[in-house]
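> Coordinates for the following, if possible.
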Amino acid sequence: MRVLAIDPGTAKCGVAVVEPGGKILHLEIVLTEQLASRVAELCAQYSPAQLLMGNGTQSKALAALLPEVIFVPEAYTSQRARQRLSVARPWWLRWLPLTQPYDDLVAVILAEDWLAGQESRLSLPK
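Here you go, the predicted model:
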């Protein structure tokens, strides 16, 4: 099940299109005021089955602009994204602070968490 996930923010939002197994089809950081139009374009291009949004900053206001959003808990996702980026950096850069935005990676983590939850629901005995 392909999903489009959004890490909402005041000035910018992370956007990711992810498939089960962690396959990332698209990563992007968009200005918040352009989110609705960009999501419409990505939905037309990738046809995601679900539209996910982190339940943090600006989420309710932004969700009102989009069709059928499922809210995903985003506690500690920023820390997890920073940790992933730190580990992925060359060893000689790891002691320097991160300066690049990582909102798109937070969106990937939101998608991964939600997809993992769906998989565990499917594997429960009935």
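> Beyond the helix or strand of the chain with the lowest mean pLDDT, next helix or strand please.
Lowest mean confidence among the helices and strands of the chain (mean pLDDT, DSSP states H and E): helix 77-88, at a mean of 85. Proceeding N to C from helix 77-88, the next assigned helix or strand is helix 103-123, under DSSP states H and E.
> Next, the buried residues of that following helix.
Within helix 103-123, the residues scored as buried using 16 or more other C-beta atoms under 10 Å are 103-115. Heads up, the C-betas are built off the backbone N, CA and C, glycines and all.
> Look at the spatially most central residue of the chain and report its pLDDT.
The chain has Ala107 as the residue nearest its centroid, 1.3 Å off, counting by C-alpha atoms, centre = their mean. Looking at Ala107, its pLDDT is 97.
> cool, and Leu124?
pLDDT for Leu124: 52.
> Over to Ala40?
Residue-level pLDDT assigned to Ala40 equals 97.
> Report how many residues lie close to it.
Residues near Ala40, counting by other C-beta atoms under 10 Å, number 13.
> Residues contacting stretch 10-25, please?
Residues outside stretch 10-25 that contact it (C-beta atoms under 8 Å, 6 or more residues apart in numbering) are 1-7, 26-32, 35, 38-39, 42, 46, 48, 57-58, 62, 101-108, 110-112, 115, 119.
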